[in-house]
Structure formats: structure tokens, C-alpha cells
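Asks: Let's see this in three dimensions:
(4 chains)
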2 protein chains.
Amino acid sequence: MCSASSDLTAQAKIRNAAITHFARDGFRKTNLRAVAATAGVSAGLVIHHFGSKDKLRAVCDEHVLRTLARKGRAGLQNLAHEYLADPAEYHLYVRYMGRAIEDDSPAGATFVTTMVEETEATLRSGIADGSMRPSSDVRALAVFSVLTSLATLTMAPSLARALGYETFGPEALRRLALPTLEVYTHGLYADDSLLKAARDALTDPRWEDAPTDSRRENSPTATRWEED
Amino acid sequence: MCSASSDLTAQAKIRNAAITHFARDGFRKTNLRAVAATAGVSAGLVIHHFGSKDKLRAVCDEHVLRTLARKGRAGLQNLAHEYLADPAEYHLYVRYMGRAIEDDSPAGATFVTTMVEETEATLRSGIADGSMRPSSDVRALAVFSVLTSLATLTMAPSLARALGYETFGPEALRRLALPTLEVYTHGLYADDSLLKAARDALTDPRWEDAPTDSRRENSPTATRWEED
DNA sequence: CTGCTGGCTGAACAGCTGTTTATAGTACTA
DNA sequence: TAGTACTATAAACAGCTGTTCAGCCAGCAG
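Replies: Numbering: from 1, shown residues only, chains lettered A, B, ... in the order given. Next up is the predicted model:
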């Protein structure tokens, strides 16, 4: 990974090592001694500099977040573009964010929110200038788009295998690009029968409720065989 | 599924408790004592019946996989449909598979493979009968579709928040349904300029390489992302 | 009743891991 | 030189967790 490590401060070496491990193995699976070994220092020094494993994570979160933000707008194509431009680095950071999203950390939430926000802006301007088709729910469309992009990162290994690749890399991403664009350009369904059916179904009265209302749990046949 | 816990064998109670915990917290974060407590037994009994935590996981994997398979074809709409029909149970099992995919376990791989396979079959028959538009790469299109579906499950909490919901539930899923169908029906882009550009770019000679070739790393500009 | 089997438990063990502590080297200053 | 502040380490500590172990007890055959 990071080639030149001699000209970095110990703190930076530790942080980079931690990012690498967190991205590859996840936060919980990573142990401080492994991070220390990768950074070429002792385990105690990690604590000495960062206070605790959680604090270390916070520093890594912030660093990845800022670096990713500096790379430019976190739009849809931009993400794929940056990825192809510099897979090695981007893969690490993006996989880090994938882990962050997986365990629902604040950094992950921030990243998703940012991406959704910028994607929504992109969509709105695209719709405004006529390059994109209008949508009944731009926000949800933005979420859907971000969803798709991020899924590529989060579930990379499984997906790569499904396409016949050993690991997920530029080739797999490129392979996905064309079908994705085809769908985004012409759609998948030949007619709008399904869409119409869905519109009818979703305007069904029993679906009517406020967006922010999350108390109303349905399932009258509640299946509660779990916990205390 | 089984509501009362009294009429279940201890093994089944333990397995169900384990599935709940694995789905909610992930495999590594879950400890045997918590599973045992949920099941109302001692920690030792878990080992007594299953041998080890890994063996317990294997049993859970197999059980979830089989239950999910019994629910019918794991297609795209089917997944959402089943989800809406019985959110409580489906959410648990589907979240379990999300965890399995996240840490790249064999069960997750099996699940993804199965879904991709069945989705591809659905696409091919849809294309054959004219209800779906032909694609240049049906397999990749299937992966893309599965990707999108599974992402909804894996990153549920973050996505729900992006839509303004506290938790991911039927409301959030329904909110996503319409924009998704709109894209799948009419596409997103108003014209095919981007698609054409992508086609040209992807037929560029420097992209030409065998699918299994993953050695060729590009990035002529050295990746210096580490600064103190 | 006796003895045995099998589900089951609580305590103990062993290993890993985050953190603390005592210690030492190093560079810079008064 | 003496002192101070910083960097770094190795060893020890403490908590959690998977696993083992000796034994309890209900049911049941003889």
C-alpha cells in the first residue's frame, strides 16, 4: 500500500495503517497490535497518540471524509470516474466508507447524506436543463442512485465473483458500466404497464401515511419470537 | 415464523436467537452469552449442541438460506413483494443475508449467486417475450439489478435516514419503489449521448483485456495520498 | 430402589485485546 | 551539566469471550 512510510510522522503512519486495516477487515475485527505492526510501532504508542481505539477511528473517519471531499463532487459518475482514474487509492477509501456505512457509524451517515445531497442537486439541475427526465420524487431517486453506487463498493467481492472475476477491480466496474447506463438511458421494461400498476397500488388508501411517521408498525400478525 | 418459544426445542431456540443476534449485530460482535440469554439457556449449552460458534453460524446460514429459498423465486420484485407482505420476518432473514454478504461468508456468496442466476433467467425470458428491452450484457445487468436490491437491505439504516425516516421499513421501501420503477421504465437520461460516449470509451483499445486479467494496474501518476 | 443416560448448568480456563504503567532514550533548553 | 518535554517501548493488567469441565437432575429401564 503506502509506499514511502519513512518520511511520515508516527501519527500519520499509524493513521494510514489503521485506515488500511479498518477498510479491509472492519473496525471490530481489527486489533491495535496489527495496526501497530503495520505502522512499525508498538501497540502502546497507538494509545499514546490517539487515546483509544475509538478516538483513532474518529481521526480516520475525519481524514477519509476530508480526503474524499477534496476529490471533488461525490456525484454518481464522478465516483466511478475517480475510481477508474486511481483504483488503488480510491478503492481503499471507498471501501473504508463502505465499512463505515455497514456498521452505521456517524462517518458513514455523513458520507451517505453528502452523496445523496449532491446527487439530488445534480439530478435537479439535469432535470432543469432537460438532460434528465423528470421524476415524481427526486429525493428518492437520488437515494436510489446513491444506493446503487455504494452497493458496488460494499458488496464488491460477492459481485465480482458473480461476474466471474476473482477480485473486484476496474474490469468488473467497467463491465457493470454499460448495462447500468443502458438502464439509465432506455430503461429496462419495454412498456409502462408495471409502472402504472405500481402507481395504482401505491395510491391505494392503505398505503397513505405521512413520510416521517415511523411509529406505525404494521404486521397485525406480529411474529415475535425474539428477545427480551 | 415460530412465535412461542416454549414449544421449541432448545436447539431451535438457540438457532433462532443466534439468527436474530447475527442479523442485528453481525457475527463477530455477537457473543455466545447474549445468544444463550436470548434463548433462555446457558452459554455452555450452545457449545454442547453446536460444537462451536462457527458451527452455530453454519447451521444458521443453512437455515436462513433454506427458508429464503422456500419463500419462492428470489427475483427482484419478488424480494420487495415478500418484504412488504411480512416485513418483520423477512427483514430479519434478509438482514441476516446482508450481514453474510458483508463479511463475505460462503452463505452470502451462495445467496448472491442464486439471486443473480434467477434474475438473469427472469431477464432473459422477459427479453425473449418482449416485455423487457434487450441488453448488451444480460449477466451484468442481472448483477446490477441484484446489487440494487441487496443494497437496500445492507445499507438500510443510512438510507432510511437520507429519506427522513428513523428506521428502514415498509414506508421507506415504498418510497423508493416508484422512482426505481420510473428509471426501469423510462430511464433517467433524456437522450443517449452519455450511453454513446460510454460505448465509445469502453471500446477504446486500452480497455481491451481478458476478463480474468487483474494484473494490469494503471495509474501512471503515482498515488501520493498520504501527507502528515 | 439403583443406576444410567442425556439435557443442562455454573464455574473455571485460556486466549485475545484495549489499555495502563513503569521505564528509557532523545533532543532541546536553562 | 541538569532538567524538561516528547517519543517510544515492553510488560503487565483487566475485561470480554469462546470453550472446557465436573457435576446436577429429570426420566426411565432393570
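Asks: Please count neighbours and contacts with C-alpha atoms only from this point.
Replies: Will do.
Asks: Please enumerate the helices of chain A.
Replies: A:10-25, A:32-39, A:43-50, A:53-70, A:76-85, A:87-102, A:106-128, A:138-154, A:156-162, A:170-186, A:193-202 (DSSP state H).
Asks: want to throw those into a markdown table with mean neighbour count and distance to B:Asp129?
Replies: Shown next, in a markdown table, are these (neighbours: other C-alpha atoms under 10 Å in any protein chain shown; distance: least, C-alpha to C-alpha, whole Å):
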| stretch | mean neighbour count | distance to B:Asp129 |
| --- | --- | --- |
| helix A:10-25 | 22 | 44 |
| helix A:32-39 | 18 | 55 |
| helix A:43-50 | 15 | 61 |
| helix A:53-70 | 16 | 45 |
| helix A:76-85 | 16 | 32 |
| helix A:87-102 | 22 | 38 |
| helix A:106-128 | 20 | 32 |
| helix A:138-154 | 24 | 27 |
| helix A:156-162 | 23 | 25 |
| helix A:170-186 | 22 | 18 |
| helix A:193-202 | 14 | 14 |
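Asks: Next, format those helices as TSV and append distance to DNA strand D and mean pLDDT.
Replies: Formatted as TSV, these follow (distance: least, C-alpha to the nearest atom of the strand, whole Å; pLDDT from 0 to 100):
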stretch	distance to DNA strand D	mean pLDDT
helix A:10-25	5	96
helix A:32-39	8	97
helix A:43-50	4	96
helix A:53-70	14	94
helix A:76-85	33	68
helix A:87-102	19	87
helix A:106-128	21	93
helix A:138-154	24	87
helix A:156-162	25	85
helix A:170-186	35	89
helix A:193-202	43	88
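Asks: Between those, which one is closest to B:Leu194.
Replies: helix A:170-186 (7.8 Å; C-alpha to C-alpha).
Asks: Dump that closest one to PDB, keeping only the CA atoms.
Replies: Extracted C-alpha coordinates of helix A:170-186, given in PDB (Å, rounded to 0.1, in the frame of the first residue of the first chain):
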ATOM      1  CA  PRO A 170     -11.600  -1.700 -12.800                       C
ATOM      2  CA  GLU A 171     -12.600  -4.600 -15.100                       C
ATOM      3  CA  ALA A 172     -15.600  -5.600 -13.100                       C
ATOM      4  CA  LEU A 173     -16.700  -2.000 -12.700                       C
ATOM      5  CA  ARG A 174     -16.300  -1.400 -16.400                       C
ATOM      6  CA  ARG A 175     -18.300  -4.500 -17.100                       C
ATOM      7  CA  LEU A 176     -21.100  -3.000 -15.000                       C
ATOM      8  CA  ALA A 177     -21.000   0.400 -16.600                       C
ATOM      9  CA  LEU A 178     -22.600  -0.300 -19.900                       C
ATOM     10  CA  PRO A 179     -25.700  -2.200 -18.700                       C
ATOM     11  CA  THR A 180     -26.200   0.400 -16.000                       C
ATOM     12  CA  LEU A 181     -26.100   3.200 -18.500                       C
ATOM     13  CA  GLU A 182     -28.400   1.300 -20.800                       C
ATOM     14  CA  VAL A 183     -30.900   1.100 -18.000                       C
ATOM     15  CA  TYR A 184     -30.400   4.700 -17.100                       C
ATOM     16  CA  THR A 185     -30.900   5.700 -20.700                       C
ATOM     17  CA  HIS A 186     -33.600   3.500 -22.100                       C
END
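Asks: about what we covered before: is it possible to get a markdown table of the helices of chain A that adds distance to chain B?
Replies: Converted to a markdown table, the helices of chain A look like this (distance: least, C-alpha to the nearest C-alpha, whole Å):
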| stretch | distance to chain B |
| --- | --- |
| helix A:10-25 | 5 |
| helix A:32-39 | 13 |
| helix A:43-50 | 14 |
| helix A:53-70 | 8 |
| helix A:76-85 | 7 |
| helix A:87-102 | 6 |
| helix A:106-128 | 6 |
| helix A:138-154 | 5 |
| helix A:156-162 | 6 |
| helix A:170-186 | 4 |
| helix A:193-202 | 6 |
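Asks: Quick one: closest of those to B:Ala107.
Replies: Using C-alpha to C-alpha, these put helix A:156-162 closest to B:Ala107, at 10.6 Å.
Asks: which secondary structure elements does that closest one contact?
Replies: helix B:106-128, helix B:138-154 (3 or more C-alpha pairs under 8 Å, 6 or more residues apart in numbering or on different chains; DSSP states H and E).
Asks: packing partners for the longest one?
Replies: Okay, so that is helix B:106-128. By 3+ C-alpha pairs under 8 Å, 6+ apart, helix B:106-128 packs against helix A:156-162, helix B:53-70, helix B:87-102, helix B:138-154.
Asks: Of all these, which one comes closest to DNA strand C?
Replies: DNA strand C sits nearest to helix B:53-70 of all the helices and strands packed on helix B:106-128, at 14.0 Å, using C-alpha to the nearest atom of the strand.
Asks: Quickly note the distance from A:Arg174 to A:Tyr83.
Replies: According to C-alpha to C-alpha, to the nearest Å, A:Arg174 stands 10 Å off from A:Tyr83.
Asks: cool, and A:Gly169?
Replies: 9 Å.
Asks: Repeat that for A:Pro157.
Replies: 16 Å.
Asks: Quick one: residues contacting the residue nearest the centre of chain A.
Replies: Chain A has A:Leu150 as the residue nearest its centroid, 3.8 Å off, counting by C-alpha atoms, centre = their mean. Residues in contact with A:Leu150 (C-alpha atoms under 8 Å, 6 or more residues apart in numbering or on different chains) are A:98, B:151.
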